[in-house]
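J.: No letters, just coordinates:
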């Protein structure tokens with residue numbers, strides 16, 4: 001086998017042949033929930049927690065995958081095993097689950113309420129690919145930049161961010177806006193009240209007076225990486241808090257970092273064009289990264305840097 005395989009509705013197919021209908025509701029309406037998991041030493045990290053969140057997202061959106069969580073996990077591990085030989089030394093897999101409501105069913109006399117639910121069973125896609133370490137490796141040592149764009153976080157009254165979905169246009173526009181100012185920056189969204197929420201692919205943290213602080217989950221995804229940092233804070237005896245934060249708090253912070261599945265943690269050394277702390281990755285961020293590396297048996301920073 002020379003090509004990665006993807007799982008689609010009961011079949012494993014080469015990724016070049018992987019197809020979903022142009023009438024799939026995920027494609028037509030972004031009516032789709034998703035999940036991303038990575039490996040360390042080619043072992044999935046917290047796959048069960050990611051699948052718990054996937055099934056919570058499906059419950060919240062009334063999507064039925066037609067599979068139990070145990071069946072989904074078994075198929076995921078089989079998909080990874082079938083692809084394992086195509087990953088080289090030092091590679092890690094990014095595992096993606098996409099579950100849409102299914103293919104849109106036309107009706108001769110459309111009824112908006114009926115059409116909102118019309119589908120011939122869910123579309124389940126599971127695939128993987130190598131993590132692109134070179135795209136972010138240098139930020140472990142240099143630190144990334146963060147900018148708050150004009151685009152605000154979608155309020156939970158409209159679409160609860162605890163549902164992990166594929167409706168990402170707002171985030172894409174935020175990233176484009178930020179990139180015009182600083183190509184090395186990522187967007188950190190404010191809510192409509194001016195409170196910090198998250199970046200477009202992960203959670204945001206600051207460190208002030210040796211306390212790790214992160215926004216509450218009212219307007220952010222309950223990230224698995226976010227939870228891992230909070231667990232490591234307990235393990236290391238680092239004070240931590242989930243609280244309402246404004247851009248001011250990041251401006252005066254001693255350190256900042258973001259968390260997400262592919263990179264675990266990345267230091268933030270500039271916020272809205274100004275240095276965070278002394279403008280270098282901070283010591284508490286480094287302690288947490290070291291503890292995470294020990295937890296998974298892989299030096300997260302060295303692995304990424306070696307792939308450049």
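T.: Looks like it arrived, so ask away. Quantities reported herein were computed from a predicted structural model and do not represent experimental measurements. Numbering: from 1, shown residues only.

J.: The protein: helices as residue ranges?
T.: Secondary structure of the chain (DSSP state H): helices located at 25-29, 47-61, 69-83, 112-117, 139-142, 169-181, 224-236, 247-251, 283-296, 300-306.

J.: Quick check: which of those is nearest to residue 13?
T.: Nearest of the helices of the chain to residue 13, taken as CB to CB: helix 69-83 at 10.9 Å. Any C-beta I mention is one placed from the backbone N, CA and C, and that applies to glycine too.

J.: and the closest one, what's its mean pLDDT?
T.: What helix 69-83 shows for mean pLDDT is 98.

J.: that older thread, would you reformat the helices of the chain as a markdown table and include mean neighbour count?
T.: Converted to a markdown table, the helices of the chain look like this (neighbours: other CB atoms under 10 Å):
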| stretch | mean neighbour count |
| --- | --- |
| helix 25-29 | 19 |
| helix 47-61 | 17 |
| helix 69-83 | 16 |
| helix 112-117 | 10 |
| helix 139-142 | 18 |
| helix 169-181 | 16 |
| helix 224-236 | 18 |
| helix 247-251 | 16 |
| helix 283-296 | 18 |
| helix 300-306 | 18 |
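
J.: pLDDT below threshold where in the stretch 101-250 of the chain?
T.: Scanning the stretch 101-250 of the chain for pLDDT under 70 picks out 107-119.

J.: on that earlier part again, in CSV, list the helices of the chain along with distance to residue 197.
T.: What follows is the helices of the chain, written out as CSV (distance: least, CB to CB, whole Å):
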stretch, distance to residue 197
helix 25-29, 24
helix 47-61, 18
helix 69-83, 28
helix 112-117, 28
helix 139-142, 21
helix 169-181, 11
helix 224-236, 12
helix 247-251, 11
helix 283-296, 20
helix 300-306, 25
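
J.: among these, which is nearest residue 160?
T.: In terms of CB to CB, the element of those nearest to residue 160 is helix 47-61, at 7.0 Å.

J.: any idea of the angle the closest one forms with helix 69-83?
T.: Helix 47-61 and helix 69-83 are oriented at 130 degrees to each other (axes from the mean of the first three to the mean of the last three CA atoms, to 10 degrees).
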